[in-house]
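Chemist: can you look at this prediction? I've put the sequence above it.
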Protein chains: 2
Amino acid sequence: MGATKTDHFTDKQNAIATLAKAIGHPARVAIIEYLMKVDTCICGDIVNELPLAQPTVSQHLKELKNAGLIKGNIEGNAICYCIDEKAIEKLQNYFGNISTKLTKKKNDCC
Amino acid sequence: MGATKTDHFTDKQNAIATLAKAIGHPARVAIIEYLMKVDTCICGDIVNELPLAQPTVSQHLKELKNAGLIKGNIEGNAICYCIDEKAIEKLQNYFGNISTKLTKKKNDCC
DNA sequence: TTTTTAGATTGCAATATTACGATAAATGTT
DNA sequence: AACATTTATCGTAATATTGCAATCTAAAAA
């Protein structure tokens, strides 16, 4: 088929999957890291930073935005993109939770 | 094209992307969560737990294993799968780092 | 040894993703 | 107004992913 069966899973599971999927591409990881590095948010030069054409970068930004990982504000001619902290916190909490539960459990069977 | 240009990005970026991509599917999130819930690691009944056919689950397990998120041991006839803590820790650290850097920065431009 | 059980692999169809050239839309500059 | 700049969108080609039926392998049980 090729279509993900999102109906069969919980909203939380789908939410985490959506966030993780958005980060699941090196270009989008690079974009996130670039947004971290740059002080000002006017980030039209992501294209210059990445080895990808402008439409491709625009598409990646769109996916990050759809997933809720970044926010974008129109600022005159350019656009100001920046990371949405809430999404990062969700991921941090999720993996933090798993990590602590695992150490409690001492899952050393493998 | 359709092929990800991994060559142009750093190893770290590709590593994070690989891990995130593996979690970027609700079925694989559900598998991870099931592995957490179950005490014993003999987890052949993941198939019964998920609304997916056996070959599909097997494929998802393979991807999780390739990405380094889970480990699998042959245990007689069945197989013992469990989460690889190191991978989870990597993700936790990564997002934790971003989170703390963001709060330091007070990125409130958007 | 035959049969069952657990899991992987193969092959295939449907859909999604990635990437980019060309083009469009919208604002800024001259 | 004419042009430049910035970003988005469209169209399209190449590749990847998802899902499953059918089949295969290997160990366990009978």
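Modeler: Arrived safely, thanks for sending. Residues are numbered from 1 along each chain as shown, chains lettered A, B, ... in the order given.
Chemist: is it true that residue A:98 touches residue B:29?
Modeler: No - at 10.7 Å, residue A:98 does not count as touching residue B:29 under the criterion of CB atoms under 8 Å. All C-beta atoms are positioned from the backbone trio N, CA, C, and that covers glycine.
Chemist: for these two, indicate the residue with more neighbours.
Modeler: Taking neighbours as other CB atoms under 10 Å in any protein chain shown, residue A:98 and residue B:29 compare with residue B:29 leading, 23 against 20.
Chemist: distance check, the more buried one against DNA strand C.
Modeler: Counting by CB to the nearest atom of the strand, to the nearest Å, the gap from residue B:29 to DNA strand C is 15 Å.
Chemist: and the helices in chain A?
Modeler: For chain A, applying DSSP state H gives helices covering A:11-23, A:26-37, A:46-49, A:54-66, A:85-105.
Chemist: do you know which of those helices lies nearest DNA strand D?
Modeler: DNA strand D lies closest, by CB to the nearest atom of the strand, to one member of these: helix A:54-66, at 3.1 Å.
Chemist: neighbours of the closest residue to DNA strand C within chain A, how many?
Modeler: Nearest residue of chain A to DNA strand C, counting by CB to the nearest atom of the strand: residue A:2, 2.3 Å away. Counted by other CB under 10 Å, the residues lying close to residue A:2 total 3.
Chemist: per-residue pLDDT, it?
Modeler: What the model reports as pLDDT for residue A:2 is 73.
Chemist: got it, and the one 10 residues further on?
Modeler: Residue A:12 is assigned a predicted lDDT (pLDDT) of 97.
Chemist: what's the answer for residue A:39, then?
Modeler: Taking residue A:39 on its own, its pLDDT is 69.
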